[in-house]
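**Q** structure of the sequence below:
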Amino acid sequence: MMSGLDKQIERGIAVLKSGGIVAFPTDTVFGLGADGFNARAVRRVFAAKKRPLSEPVPLLLADVQSLDRVAVDVPDVVRRLAQAFWPGALTLVVWRGPNVPDVVTAGGPTVAVRVPRHPVPLGLARGLGAPLVGTSANRHGAPNPRTPEEIVAQLGKSVDLIIADGPPPGGTESTVVDVTVDPPRIVRQGTVARVDIEEVCGLAP
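**A** Okay, here's the model as predicted:
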């Protein structure tokens, strides 16, 4: 018998497959997602947030194996970092693969990816069978919402579904590491500590 959360995830998958957008809790903040391979759906996310199309959005993956669907020329250090910190709050900036629409990357050559630990985005990505856009569920420039009510207050009726069940967001943003450069560069310090990343990359003293 399906739990209430399972039913919401199943409903969310249906919405995503139809080109809709869904808000959901993640292990960092509340996310706003769409099918990452559906350019029209991704544009709806930008419109809902009033986010400039010049600012790329990250993708949430179902598993490490999905990396090969969205990235090319993946160096060995990416595999090491993924093995150490995925699923979890580490975002890796990799060379974008041909399947990723221009709107996701703002036309740029790289894309930010992460495998979340939270069961809701994991379940959505697995059921969708595609990467999930995973930007924060706030109006551009506004604080990250902490409750479904705050999502509604910021985004109104532009979101097709809000999944409220499941563990609440952790509140701390992911650490972002650019692995298209050598050595890898920490772009944003978040949940995963610098010293731990440097150790896996072989950069620790």
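
**Q** could you pick out the longest helix of the chain?
**A** Secondary structure of the chain per DSSP state H: the longest helix is helix 4-17.

**Q** what strands flank the very next helix or strand once past that helix, and is each parallel or antiparallel?
**A** The helix or strand immediately downstream of helix 4-17 is strand 22-25, counting by DSSP states H and E. Here strand 22-25 has these sheet partners by DSSP bridges: strand 30-33 (antiparallel), strand 161-162 (parallel).

**Q** elements contacting the longest helix of the chain?
**A** With contacts taken as 3 or more CB pairs under 8 Å, 6 or more residues apart in numbering; DSSP states H and E, helix 4-17 sits against strand 22-25, helix 119-128, strand 161-162. C-beta: built from backbone N, CA, C; applies to glycine.

**Q** ok, which of those comes nearest A39?
**A** Distance to A39, taken as CB to CB, is lowest for helix 119-128 among the helices and strands packed on helix 4-17, at 15.2 Å.

**Q** other residues contacting the helix or strand following the closest one?
**A** Of the helices and strands lying after helix 119-128 in sequence (DSSP H and E), the nearest is strand 132-133. Applying CB atoms under 8 Å, 6 or more residues apart in numbering, the contact partners of strand 132-133 are 16, 32-36, 41-42, 45, 57-61, 104, 121, 124-125.

**Q** about what we covered before: would a markdown table of the helices and strands packed on helix 4-17 with distance to V177, mean neighbour count and mean pLDDT be doable?
**A** Shown next, in a markdown table, are the helices and strands packed on helix 4-17 (distance: least, CB to CB, whole Å; neighbours: other CB atoms under 10 Å; pLDDT from 0 to 100):
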| stretch | distance to V177 | mean neighbour count | mean pLDDT |
| --- | --- | --- | --- |
| strand 22-25 | 24 | 28 | 94 |
| helix 119-128 | 20 | 22 | 96 |
| strand 161-162 | 30 | 18 | 96 |
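
**Q** so which of those comes closest to D6?
**A** Judging these by CB to CB, what sits closest to D6 is helix 119-128, at 7.8 Å.

**Q** so, low pLDDT: which residues of the protein?
**A** The chain contains residues with pLDDT under 70 at 1-2, 204-205.

**Q** for it, which segments count as strands?
**A** For the chain, the strands defined by DSSP state E occupy 22-25, 30-33, 59-60, 90-95, 110-114, 132-133, 135-136, 161-162, 175-178, 185-188.

**Q** neighbouring strands for the fourth one, and are they parallel or not?
**A** Same thing as strand 90-95. strand 110-114 (antiparallel), strand 175-178 (parallel).

**Q** and the angle from the longest one to helix 119-128?
**A** Taking axes from the mean of the first three to the mean of the last three CA atoms, to 10 degrees, strand 110-114 and helix 119-128 form an angle of 120 degrees between their directions.
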